[in-house]
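Peer 1: coordinates only, sequence not included:
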């Protein structure tokens, strides 16, 4: 999905980060943001055997973060870089400056499947470095390109959460308004405080219903059986439709609907009168990697 610029940027100082949780100051608005850049870095390892790649692993290391703003006040510079304000205005840069960890909250327009929306994001635990500053003589025309740009590094937090049997330390969190689970009023509260992710409980994969149902009779010959699951499906390649009476496979095509939860089985030709058919639901996996045990659904077509 394309990101279409950036509209708002807020920053908050991270005051604590422990296994018990994180705390932050109230986010403050940094107006006139021009660019926010997020570049994750990973460490990868590959294993080769028999003259080919047989295994690999990738682990997040950190992310390079940069932000450009049309202007930046002395107070904002001191806040982000840990510098000192002076009585006569401005800031003092010193060898003992200690930049704090900063959380950045942003709002960016996006476009998903032709639908316009917004991405609301937060980058945790970022430490910025003093910026390079270039002053160049004008060459016959105004130049407004030399704007303050801060670069830093975002790292995983000490705070963690459990995702299944894994302990994860987050560094970034975002939600798109095109996501059906996104709160409708997100713009009213997103910048009030630094959002902490809470995971959705994942239900065990189940076959919620089928049409026809098991043991159904007098099913029309032009029927297109459907299977409805409670989770989105990632793999249904081993699902079969059998003519049990004649002991043959029925040629068909299968397609998931937009939700990924309803699988429609379309036979290549009409079913045969007064035959028993069986849908073999096997090898089905959902988008969370969960597998469904084999289930059988039998039905009989109409009489002549």
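Peer 2: Cool, the structure landed. Everything numeric in this text was worked out from a predicted model, so none of it was measured. Numbers count the residues shown, from 1 in each chain.
Peer 1: which residues in the chain form helices?
Peer 2: Assigned by DSSP state H, the helices in the chain fall at 74-81, 186-189.
Peer 1: Show me the one of those helices that comes nearest residue 277.
Peer 2: Residue 277 sits nearest to helix 186-189 of all the helices of the chain, at 47.4 Å, using CB to CB. In this view, the C-beta of every residue, glycine as well, is placed from N, C-alpha and C.
Peer 1: Which strands and helices lie in contact with the closest one?
Peer 2: Packing partners of helix 186-189 (3 or more CB pairs under 8 Å, 6 or more residues apart in numbering; DSSP states H and E): strand 115-129.
Peer 1: average pLDDT for the strand it packs on?
Peer 2: Averaging pLDDT along strand 115-129 gives 94.
Peer 1: strand partners of that strand, parallel vs antiparallel please.
Peer 2: strand 102-112 (antiparallel), strand 149-154 (antiparallel), strand 172-176 (antiparallel) (DSSP bridges).
Peer 1: how far out from the middle of the chain is the first one?
Peer 2: Using CA atoms, centre = their mean, to the nearest Å, the distance from the centre of strand 102-112 to the centre of the chain it belongs to is 13 Å.
Peer 1: So that it lines up with my notes, have the first residue be 37 from now on.
Peer 2: Yep, numbering from 37; the last one is strand 138-148 now.
Peer 1: Quick one: work out the angle between it and helix 110-117.
Peer 2: Between strand 138-148 and helix 110-117, the angle comes out at 90 degrees (axes from the mean of the first three to the mean of the last three CA atoms, to 10 degrees).
Peer 1: Low-confidence bits of this structure, can you list those?
Peer 2: 37-38, 180 (pLDDT under 70).
Peer 1: Mark out where each domain of it begins and ends.
Peer 2: 44-225, 243-337 (automatic domain parsing).
Peer 1: mind checking which of these is nearest residue 234?
Peer 2: Residue 234 lies closest to domain 44-225 among the domains of the chain, at 8.3 Å (CB to CB).
Peer 1: Do me a favour and get the end-to-end distance for that closest one?
Peer 2: Domain 44-225 has its terminal residues 14 Å apart, counting by CA to CA, to the nearest Å.
Peer 1: How far does it sit from its chain's centre?
Peer 2: Computed by CA atoms, centre = their mean, the chain-centroid distance of domain 44-225 equals 17 Å.
Peer 1: and residue 87, how far is that from residue 93?
Peer 2: Distance from residue 87 to residue 93, counting by CB to CB, to the nearest Å: 20 Å.
Peer 1: Those two: which has the busier surroundings?
Peer 2: residue 93 (10 against 5; other CB atoms under 10 Å).
Peer 1: And the more buried one, how far from residue 254?
Peer 2: 55 Å.
Peer 1: do the same with residue 122
Peer 2: Residue 122 is 89 Å from residue 254, by CB to CB.
Peer 1: Can I get the domains of the chain in a markdown table including distance to residue 235?
Peer 2: Output for those, formatted as a markdown table (distance: least, CB to CB, whole Å):
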| stretch | distance to residue 235 |
| --- | --- |
| domain 44-225 | 6 |
| domain 243-337 | 11 |
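Peer 1: Of these, which is nearest residue 236?
Peer 2: domain 44-225 (7.4 Å).
Peer 1: With distance to residue 313 and mean neighbour count as extra columns, can I get the strands paired with strand 151-165 in TSV?
Peer 2: Shown next, in TSV, are these (distance: least, CB to CB, whole Å; neighbours: other CB atoms under 10 Å):
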stretch	distance to residue 313	mean neighbour count
strand 138-148	39	20
strand 185-190	56	19
strand 208-212	42	17
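Peer 1: mind putting those in JSON lines, distance to residue 175 included?
Peer 2: Shown next, in JSON lines, are the strands paired with strand 151-165 (distance: least, CB to CB, whole Å):
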{"stretch": "strand 138-148", "distance to residue 175": "34"}
{"stretch": "strand 185-190", "distance to residue 175": "21"}
{"stretch": "strand 208-212", "distance to residue 175": "40"}
